[in-house]
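Engineer: need the 3D shape of this:
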Amino acid sequence: MASYNFERALSSMARERLEVSEIGEMIRLVVKHGAISFTAGEPSADLVPALQLKEAFGDVFDDPSLLGYAGSVLGYPGLREWIRGWMRDGGLLPDWVEASDIMITCGSQEGISLAGEALIDPGSYVLVESPTYMEALLSFRKQGAVCIGVPTDERGIVVESLEAILKEKNIRFLYSIPNFQNPSGNTASAERRMEVLDVLRRYDVPMLEDDPYHYLSYDADTPPTYIKLSGGDARVVYLGSFSKIVAPGVRCGWMVAPASLMSRISSLRVNACLDLPSFPQRGLLNYLSRLDVKGHIESLNSVYRRRRDALVSALDSHMSGLGFRHNRPGGGFFIWGNLDGVSDMTAFAHYAVVNEKIGVIPGSVFFAPGAADNTSIRLSFAKIDEARAEEGCLRLARAVKNYRK
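Structural biologist: Model prediction:
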């Protein structure tokens with residue numbers, strides 16, 4: 001008996017708008033070929049506090065009621081209160097934010113998806129930075145958005161370009177990663193943030209602020225958040241995550257949104273999965289409540305600073321003279337570079353991982369359609385110690401030389 005072919009039963013979304021992640025494909029090739037990986041933007045496993053998490057999560061089972069349905073679709077109340085206090089103490093929130101304006105999400109990615117589902121109709125224009133986070137692009141396009149890239153420089157969004165687009169298009173929202181951006185590593189200056197907010201107010205456009213790298217700052221204090229700078233007008237929806245500072249496997253992030261949007265987001269959550277499980281959230285709260293958070297973050301930053309510096313130094317040593325230019329990010333996980341003399345960076349990335357066993361991400365995947373830069377490349381240093389940075393850059397240089405032959 002022939003099996004049923006679901007192709008003809010698929011929705012138009014699944015047929016036409018659901019795209020495969022090129023990052024996932026490159027990571028698969030890294031594993032297949034046993035390559036050194038400059039690909040994945042995830043924390044280093046040796047920095048995950050496994051023993052402390054085990055102890056904190058073990059205590060959760062003393063309260064079996066947590067294995068039932070959650071008491072709130074917004075997430076475990078104690079964790080939401082902790083996040084509100086932590087962000088307020090850090091000067092990240094405006095006065096209007098209460099615990100009821102915070103939702104626990106399955107990583108910040110769920111927040112991106114829920115916001116897109118609430119705000120995007122097929123054909124809606126969504127403004128993204130150029131370049132931007134690939135998985136956000138895929139999520140917005142899945143909803144039917146037409147993503148438009150706004151140029152950026154080392155200080156953030158180019159305000160003149162932003163205003164020119166807003167004059168021409170009816171934009172649903174602007175999506176921004178202001179701190180140590182994925183993929184560019186750039187951080188928007190405080191002055192530029194104020195200018196961007198001024199333009200958004202004049203054209204009455206909201207913003208989705210995605211801030212997973214906020215606390216991973218290696219050289220200077222991180223500028224004020226957009227949501228704090230926006231004050232009482234409540235046009236900024238904020239996304240945060242514990243993936244980068246605790247562990248990605250806890251799948252815990254949060255969204256801050258005003259009641260007018262949170263009520264819709266809550267309904268979307270109920271329709272999708274009823275709620276998230278409470279016991280992991282309680283376990284995370286146990287861990288955070290016992291933690292010297294400031295000291296923990298300082299320890300992470302010390303390691304990541306050394307790894308950033310090691311990769312920058314290795315690139316300077318081994319890629320010099322090959323037409324490669326790169327930045328030195330002030331935090332986060334990523335170095336952004338441009339390589340002359342390579343017209344198809346995707347083809348080069350596949351060549352490099354197969355032939356020289358070094359994995360990189362082609363920069364073109366981080367741009368909205370029609371805005372791709374085929375000379376750019378993203379390198380992640382989060383999981384790369386000094387020895388692997390040296391060897392990885394030797395392999396990368398060898399790949400460039402051999403690919404150009």
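Engineer: for the rest of this, base every contact and every neighbour count on C-alpha atoms.
Structural biologist: OK.
Engineer: all helices for the protein, in order.
Structural biologist: 12, 22-33, 50-58, 77-89, 107-119, 134-142, 159-168, 190-203, 226-229, 259-273, 278-290, 293-318, 345-351, 386-403 (DSSP state H).
Engineer: what does the second one contact?
Structural biologist: The set of residues external to helix 22-33 that reach it, using C-alpha atoms under 8 Å, 6 or more residues apart in numbering, is 36-37, 39-40, 350, 353-354, 357-361, 365.
Engineer: hey, C-alpha coordinates of that helix in PDB?
Structural biologist: The C-alpha trace of helix 22-33 is given here as PDB (Å, rounded to 0.1, in the frame of the first residue of the first chain):
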ATOM      1  CA  GLU A  22      21.500  27.800   6.500                       C
ATOM      2  CA  ILE A  23      23.100  28.000   9.900                       C
ATOM      3  CA  GLY A  24      21.700  24.700  10.800                       C
ATOM      4  CA  GLU A  25      23.100  23.200   7.600                       C
ATOM      5  CA  MET A  26      26.600  24.600   8.300                       C
ATOM      6  CA  ILE A  27      26.500  23.200  11.800                       C
ATOM      7  CA  ARG A  28      25.500  19.800  10.400                       C
ATOM      8  CA  LEU A  29      28.500  19.900   8.000                       C
ATOM      9  CA  VAL A  30      30.800  20.900  10.900                       C
ATOM     10  CA  VAL A  31      29.800  17.800  12.800                       C
ATOM     11  CA  LYS A  32      29.900  15.500   9.700                       C
ATOM     12  CA  HIS A  33      33.500  16.600   8.800                       C
END
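Engineer: hmm, back to that, mind putting the contacts of helix 22-33 into TSV with neighbour count?
Structural biologist: Converted to TSV, these look like this (neighbours: other C-alpha atoms under 10 Å):
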residue	neighbour count
I36	22
S37	25
T39	23
A40	23
H350	21
V353	26
V354	18
K357	22
I358	29
G359	31
V360	26
I361	28
V365	25
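Engineer: which one in those is the model shakiest on?
Structural biologist: Lowest pLDDT among these: A40, with 83.
Engineer: what sits against that one?
Structural biologist: A40 makes contact with 23, 27, 380, according to C-alpha under 8 Å, 6+ apart.
Engineer: quick one on the thing from earlier: need the contacts of helix 22-33 in JSON lines with distance to E135, can you?
Structural biologist: Listed next are the contacts of helix 22-33 as JSON lines, based on distance: C-alpha to C-alpha, whole Å:
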{"residue": "I36", "distance to E135": "23"}
{"residue": "S37", "distance to E135": "19"}
{"residue": "T39", "distance to E135": "14"}
{"residue": "A40", "distance to E135": "13"}
{"residue": "H350", "distance to E135": "20"}
{"residue": "V353", "distance to E135": "22"}
{"residue": "V354", "distance to E135": "24"}
{"residue": "K357", "distance to E135": "25"}
{"residue": "I358", "distance to E135": "23"}
{"residue": "G359", "distance to E135": "19"}
{"residue": "V360", "distance to E135": "17"}
{"residue": "I361", "distance to E135": "13"}
{"residue": "V365", "distance to E135": "10"}
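Engineer: between those residues, which is nearest R155?
Structural biologist: V365 (21.8 Å; C-alpha to C-alpha).
Engineer: and the closest one, how far from D344?
Structural biologist: 12 Å (C-alpha to C-alpha, to the nearest Å).
Engineer: coming back round to it: columns distance to H214 on top of the helices of the chain, output as JSON lines?
Structural biologist: Below are the helices of the chain laid out as JSON lines (distance: least, C-alpha to C-alpha, whole Å):
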{"stretch": "helix 12", "distance to H214": "37"}
{"stretch": "helix 22-33", "distance to H214": "22"}
{"stretch": "helix 50-58", "distance to H214": "22"}
{"stretch": "helix 77-89", "distance to H214": "11"}
{"stretch": "helix 107-119", "distance to H214": "13"}
{"stretch": "helix 134-142", "distance to H214": "18"}
{"stretch": "helix 159-168", "distance to H214": "22"}
{"stretch": "helix 190-203", "distance to H214": "14"}
{"stretch": "helix 226-229", "distance to H214": "12"}
{"stretch": "helix 259-273", "distance to H214": "23"}
{"stretch": "helix 278-290", "distance to H214": "17"}
{"stretch": "helix 293-318", "distance to H214": "11"}
{"stretch": "helix 345-351", "distance to H214": "29"}
{"stretch": "helix 386-403", "distance to H214": "24"}
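Engineer: relative to G240, which of those is closest?
Structural biologist: helix 107-119 (6.0 Å).
Engineer: okay, the angle between that closest one and helix 134-142?
Structural biologist: On the basis of axes from the mean of the first three to the mean of the last three C-alpha atoms, to 10 degrees, helix 107-119 is oriented at 20 degrees to helix 134-142.
Engineer: buried residues, helix 107-119. List them.
Structural biologist: Neighbour-count burial for helix 107-119 flags 107-117, 119 (criterion: 16 or more other C-alpha atoms under 10 Å).
Engineer: output these as CSV; include the columns pLDDT and distance to G321.
Structural biologist: Converted to CSV, these look like this (pLDDT from 0 to 100; distance: C-alpha to C-alpha, whole Å):
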residue, pLDDT, distance to G321
G107, 89, 41
S108, 91, 39
Q109, 93, 39
E110, 95, 43
G111, 96, 43
I112, 97, 40
S113, 96, 43
L114, 96, 46
A115, 97, 45
G116, 96, 44
E117, 96, 47
L119, 97, 47
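Engineer: show me where this protein dips below the pLDDT cut-off.
Structural biologist: Low-confidence segments of the chain (pLDDT under 70): 69-71.
Engineer: domain-wise, how is it divided?
Structural biologist: 10-39+295-403, 68-290 (automatic domain parsing).
Engineer: leaving out chain neighbours, which residue sits closest to G283?
Structural biologist: The shortest distance from G283 to any non-neighbouring residue, by C-alpha to C-alpha, 6 or more residues apart in numbering, is to F57 (4.2 Å).
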